[in-house]
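Asks: Build me a model:
(2 chains)
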There are 2 protein chains.
Amino acid sequence: MQSFDVVVIGGGPGGMTAAMTLNQLGKTVAIVQAEHDSIGGVCLNRGCMPTKSLLKAATAYRYAKQGDKYGLNLSAEKVDLQRLRTIVDTDLDALRGMIAGMMGQAQVEVFYGFGSFQSAHEVMISQADGSSQVIRGEQIVISTGSETVELPFAPFDGQHILSSDQMLQNTEIPEKLLIIGGGAIGCEFATLYHTFGSEVTVVEALPTLLPREDQEAGRALQQAFEAQNITVKTGVKVEQIKVEGGKVRVKFDGIDTAEVVDMVLIGVGRRPIIDNLNLDAAGVVIERGAVKVNSAMQTNVPHIYAVGDVSGGVMLAHAAEVAGQMLAKNMVEGTSVSLADGAIPRVAFSHPEVAGIGASKESDGIRSFTMSVVPNGRSVVDKVAPAFVKLFVEEESSVVAGGIIVGEAATEMIHELALAVENRLTLEQVGKTVHAHPTHSANVATAVHMFR
Amino acid sequence: MQSFDVVVIGGGPGGMTAAMTLNQLGKTVAIVQAEHDSIGGVCLNRGCMPTKSLLKAATAYRYAKQGDKYGLNLSAEKVDLQRLRTIVDTDLDALRGMIAGMMGQAQVEVFYGFGSFQSAHEVMISQADGSSQVIRGEQIVISTGSETVELPFAPFDGQHILSSDQMLQNTEIPEKLLIIGGGAIGCEFATLYHTFGSEVTVVEALPTLLPREDQEAGRALQQAFEAQNITVKTGVKVEQIKVEGGKVRVKFDGIDTAEVVDMVLIGVGRRPIIDNLNLDAAGVVIERGAVKVNSAMQTNVPHIYAVGDVSGGVMLAHAAEVAGQMLAKNMVEGTSVSLADGAIPRVAFSHPEVAGIGASKESDGIRSFTMSVVPNGRSVVDKVAPAFVKLFVEEESSVVAGGIIVGEAATEMIHELALAVENRLTLEQVGKTVHAHPTHSANVATAVHMFR
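Replies: The predicted model follows:
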């Protein structure tokens, strides 16, 4: 039986980063990678990267459709999703090549197959043809990631009722698309299909879009969506979804008239992948559907750890990546560090973009200041809506506790605030920093200077 | 004679900001605004803003020309510069409206006409028809800005040999455009006209483009330009420029063959506007062509100050703006603060963008680290060249002393580094900040983590 210092089950951002860092720290490492994905996990294969590739095409398409706004004579033929998919595949191949290179340098051994526990130290790798082998790990990392959640009354059919995974394989632009779930995934697909010509409705059960964010920000995004003719229904629960004669009838709680659309995307969340892992064989305990870990990312079995989506939490690639580095140190150096939620930037690559860091709600000792419309010459010449900026500040110290931005370049701009939050800089320290003209980042300075 | 606490000569970013801040601090303020510009100065009327409006159109046009890259069928008709100018004018009108609103709120009185000193406390405002009036200021601020520099052997003719001001009025896309001067202005116009279809050559007398920046960064931009088929000649001096039969012959020092082009843009720099100000009547001293000021932005005449381009230095709108605020405080509160060059972000909105902050050269006690090609999945899905990032760090303290980025979104990303430099954060403090995936800003984290 092949034996390694560490066996990592799942090669997404968390597992891969942990594996490479462990290897740098002198450990022999194996990654077990299920065949439904390549190394890179959901992020690379079915998440961040393919959506960003499509969103880039959407950006180009939006410009071409709005030539008049810029004084240009541009034209755009209807989008061919089949063609876009070949572009996405080329991108993903390039990304897989980058990762293969890194893995090669790191001397991490990759086993393809489905990994499950045979015992607390043994991982079985099963192939589709029924064959299998077992490898041993002195320590084991569970990083199997997450999968899309189905609505119990509306199973995915890949044609009319789709998961985000299926939506990435879709080659038809529906005339009417209804998106259930107004989180980052729902909002990104809303931007995508709206840009490509679908009539899009986003339905969110909670009171605002991006329900984990500050409600004012969610409403700012809603207004921006509505100004583009994306329909948004918040505080509305879906009761029934029925496919009839090629259309989908969606009934809402307490509303008489049903919506009839061509396609429904279910984006109501993701859940850890723990089924079939045979955690019992290792004695690993789960809690609320996720692998239970302590502040060192250690499970109840001391030599078994979990990182990334499989242990619940924010489920973001960059969080898993940083956590993977921390985990490697915990495992080798015996430290006990993990990533605080407040340190993780939250981003939605919708149009407009939304990005937040740190505090997202008012609470004791925190004061907030909102500029719904930040005056900025750059938004005028760029012909984009002015940004929304909200800042959260510790009342006593004036330390920046968090911020949220809705607008052009928000996902880049947020890093200035992330640096401030992480290093406990005050409003004054951000405010005295000169911001270049004419940039979108100047909005941060404006909000800081206007803070009352 | 009308009398004010402060008379400000010139309503660009420096003068305007000083005026509004002085007014907030309780002073009565007048601005004298020459008629060749509206309030807003070069930045609004003939600099940052119109170029950014055009560069935005160029971005849209570039996308439309490169549809294949994104899997889209897009097309673009030849750019009509006349039509673009109406778009630019609409943008500038909107910006002037924003400023008029601010000025109105601030109760700053605006006098249109050419301002010059009649005495140390009196400013004469002359009209084109020969009429004039005189107003009095207890204190006076000189903020008349800068103007484009002509080459002695090649006077601007507005048709074949153009200043950047004239280039903004130009309505012909030349087949061949030669740009003399590889600074930010030259590089932005190179991007603009290359995108619009001109065959562009940039000639810089010094060894690299953006000669005030680190040479590696200048060479990175040169490579990126060359990859787009923009010709770059560095270390080459222009000897002679002659207009012959509708073409321009440009001879270079030590090179036998002349270049024959349709249009030449001279972008070799800007100089303070001090002619006709009658500084002698006030006794104000100049030094190397600029109004001489001390560290409180005060001239040799204690109640007369100067701010922005007219006093030399970096000549950037955002520097003048912040300096204007500082000046107001110096004048009212007797402080003696001014803006350190190292605190001012330096930006070029070329394609790719370039942005720098703080140290730009290696020197004693400073260590640098260059990543010429930062691996980043986002550049793959965005189909843009990977970024160049160079960091400067204080050897003893590990404090970030500066950085320079060449690549997509550089002008926004630079603000994270600006915050770090301004607040003396260390590499470690920047490195522990989580960067969102997949963003261009992640390049900063990568460079920090790889720093050797």
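
Asks: I'd like the mean pLDDT over the longest strand along chain A, please.
Replies: Identified as the longest strand of chain A according to DSSP state E is strand A:132-142. Mean pLDDT, strand A:132-142: 98.

Asks: I would like the residues contacting that strand, please.
Replies: Strand A:132-142 is contacted from outside by A:1-10, A:15, A:18-19, A:30, A:32, A:111, A:113, A:117-118, A:120-126, A:277, A:282, A:284, A:291, A:299, A:303-307, A:310-311, A:327, A:331, using CB atoms under 8 Å, 6 or more residues apart in numbering or on different chains. Every C-beta, even on glycine, is put in place using the N, C-alpha and C of the backbone.

Asks: Please apply the same query to stretch A:247-257.
Replies: By CB under 8 Å, 6+ apart, the residues outside stretch A:247-257 that reach it are A:160-161, A:178, A:180, A:203, A:233, A:236-243, A:258-264.

Asks: Now intersect those with the strands, please.
Replies: A:161, A:178, A:180, A:203, A:233, A:238-243, A:259-261, A:263-264.

Asks: Filter those residues down to the buried ones and hand me the PyMOL line.
Replies: The buried residues among the ones in strands among the contacts of stretch A:247-257 can be selected in PyMOL (16 or more other CB atoms under 10 Å in any protein chain shown) with this line:
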select buried, chain A and resi 161+178+180+203+233+238+241+259+261+263+264
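
Asks: Closest to chain B out of the ones in strands among the contacts of stretch A:247-257?
Replies: Among the ones in strands among the contacts of stretch A:247-257, residue A:263 lies closest to chain B (CB to the nearest CB), at 20.7 Å.

Asks: Find the residue closest to that closest one in space, skipping its chain neighbours.
Replies: residue A:174 (3.8 Å; CB to CB, 6 or more residues apart in numbering or on different chains).

Asks: Look at that neighbour and tell me its secondary structure.
Replies: With DSSP: H, G, I helix; E, B strand; the rest coil as the basis, residue A:174 sits in coil.

Asks: separation between the residue of chain A positioned farthest from its centre and residue A:121?
Replies: Taking CA atoms, centre = their mean, the residue of chain A most remote from its mean C-alpha position is residue A:1, at 37.5 Å. Going from residue A:1 to residue A:121 by CB to CB, to the nearest Å gives 10 Å.

Asks: State the phi and psi torsions of residue A:5.
Replies: Per-residue torsions, residue A:5: phi -60, psi -40 (degrees, to the nearest 10).

Asks: residues in contact with it?
Replies: Residues in contact with residue A:5 (CB under 8 Å, 6+ apart) are A:22, A:27-29, A:137-139.

Asks: do the same with residue A:301
Replies: By CB under 8 Å, 6+ apart, the contact set of residue A:301 is A:120, A:282-284.

Asks: Can I take it that it is in a helix?
Replies: No: read with three-state DSSP, residue A:301 is coil and lies in no helix.

Asks: ok, the residue nearest to residue A:303 when sequence neighbours are not counted to residue B:9 distance?
Replies: Using CB to CB, 6+ apart and skipping the chain neighbours, the partner closest in space to residue A:303 is residue A:139 (4.8 Å). Counting by CB to CB, the separation of residue A:139 from residue B:9 is 72 Å.

Asks: repeat for residue A:165
Replies: Plainly put, residue A:165 is 64 Å away from residue B:9 if you go by CB to CB.

Asks: Over to residue A:195?
Replies: Residue A:195 is 49 Å from residue B:9, by CB to CB.

Asks: The two: who's more crowded?
Replies: Neighbour count, other CB atoms under 10 Å in any protein chain shown: between residue A:195 and residue B:9, residue B:9 has more, with 27 against 22.

Asks: Excluding sequence neighbours, find me the nearest residue to the more buried one.
Replies: Nearest residue to residue B:9, sequence neighbours excluded (CB to CB, 6+ apart): residue B:115, at 4.1 Å.

Asks: Going along the chain, name the helices of the stretch 101-250 of chain A.
Replies: For the stretch 101-250 of chain A, the helices defined by DSSP state H, counting those that start in this stretch occupy A:164-169, A:184-195, A:215-227.

Asks: So for the longest one, mean pLDDT?
Replies: Averaged across helix A:215-227, pLDDT comes to 98.

Asks: For that helix, name the packing helices and strands.
Replies: Judged by 3 or more CB pairs under 8 Å, 6 or more residues apart in numbering or on different chains; DSSP states H and E, the packing partners of helix A:215-227 are helix A:184-195, strand A:231-234, strand A:354-358, strand A:388-394, strand A:400-406.

Asks: if we go to 10 Å?
Replies: helix A:184-195, strand A:199-204, strand A:231-234, strand A:354-358, strand A:366-371, strand A:388-394, strand A:400-406 (3 or more CB pairs under 10 Å, 6 or more residues apart in numbering or on different chains; DSSP states H and E).

Asks: Sheet partners, orientation included, of the fifth one?
Replies: This points to strand A:366-371. Next to strand A:366-371 in the sheet, as set by DSSP bridges, lie strand A:388-394 (antiparallel).

Asks: quick one: average confidence on the strand it pairs with?
Replies: 98.

Asks: returning to what we had before: in PyMOL, how would I select the buried members of the contacts of strand A:132-142?
Replies: Here is the PyMOL command that picks out the buried ones among those, judged by 16+ other CB under 10 Å:
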select buried, chain A and resi 4+5+6+7+8+9+10+15+18+19+30+32+111+113+117+118+121+122+123+124+125+126+277+282+284+291+299+304+305+306+307+310+311+327+331
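
Asks: For residue A:166, give its distance to chain B.
Replies: Residue A:166 sits 20 Å away from chain B, taking CB to the nearest CB, to the nearest Å as the criterion.

Asks: re earlier: is the residue nearest to residue B:9 in contact with residue B:34, as I believe?
Replies: Yes: using CB atoms under 10 Å, residue B:115 makes contact with residue B:34 at a distance of 6.9 Å.

Asks: between these two, what contacts are shared?
Replies: Contact criterion CB atoms under 10 Å, 6 or more residues apart in numbering or on different chains; residues shared by residue B:115 and residue B:34: B:9-10, B:125-126, B:144, B:276.

Asks: Among the residues you listed, which are located in strands?
Replies: Using DSSP E, the shared contacts of residue B:115 and residue B:34 in strands are B:9, B:125-126.

Asks: Name the nearest of those relative to chain A.
Replies: residue B:9 (21.6 Å).

Asks: Which residue does the stretch 151-300 of chain A have closest to chain B?
Replies: Counting by CB to the nearest CB, the stretch 151-300 of chain A gets nearest to chain B through residue A:196 (10.0 Å).

Asks: Which residue is the nearest non-sequential neighbour of that residue?
Replies: Counting by CB to CB, 6+ apart, the residue nearest residue A:196 is residue A:79, at 4.6 Å.

Asks: What parts of the stretch 101-250 of chain A come near chain B?
Replies: Residues of the stretch 101-250 of chain A that fall close to chain B, judged by CB under 10 Å from any CB of the partner chain: A:101-102.

Asks: list the contacts for the residue of the stretch 101-250 of chain A found nearest chain B?
Replies: Nearest to chain B in the stretch 101-250 of chain A, going by CB to the nearest CB, is residue A:102, at a distance of 8.2 Å. By CB under 10 Å, 6+ apart, the contact set of residue A:102 is A:16-17, A:20, A:39, A:108, B:375.
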